[in-house]
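A.B. asks: Show me the folded form of this:
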Amino acid sequence: MTNKWNDKSWQKDFLNMKSHSHADAKLLMGGVKGLKDAWRLGVLHVEYEKLKKIQDQQQ
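C.D. replies: Numbering: from 1, shown residues only. The predicted structure follows:
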């Protein structure tokens, strides 16, 4: 499995899936600036994976 760390396609997809707080939207669009941002982005990615799985099961 290869991982592209600069791939932001999931972030754009996640922005369109649901509404986000201003801080989360800024993080998803602008990227990580520090350790706290990296942790939060990881949490958002897990949430994205859960929503994507549910969305795929409904189709």
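
A.B. asks: Quick one: residues in contact with the lengthiest helix in the chain.
C.D. replies: Taking DSSP state H as the criterion, the chain has its longest helix at helix 35-58. Helix 35-58 is contacted by residues 10, 13, 14, 17, 18, 24, 27, 28, 31, 32 when judged by C-beta atoms under 8 Å, 6 or more residues apart in numbering. C-betas here are computed from N, CA, C, even on glycine.

A.B. asks: If any of these are buried, give me the PyMOL selection for them.
C.D. replies: Per 16 or more other C-beta atoms under 10 Å, the buried members of the contacts of helix 35-58 correspond to this PyMOL selection:
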select buried, resi 14+24+27+28
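
A.B. asks: got TSV for the contacts of helix 35-58, with distance to residue 43, pLDDT and secondary structure too?
C.D. replies: Formatted as TSV, the contacts of helix 35-58 follow (distance: C-beta to C-beta, whole Å; pLDDT from 0 to 100; DSSP: H, G, I helix; E, B strand; the rest coil):
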residue	distance to residue 43	pLDDT	secondary structure
10	13	94	helix
13	16	95	helix
14	12	96	helix
17	15	93	helix
18	14	94	coil
24	9	97	helix
27	10	96	helix
28	12	96	helix
31	15	91	coil
32	12	94	coil
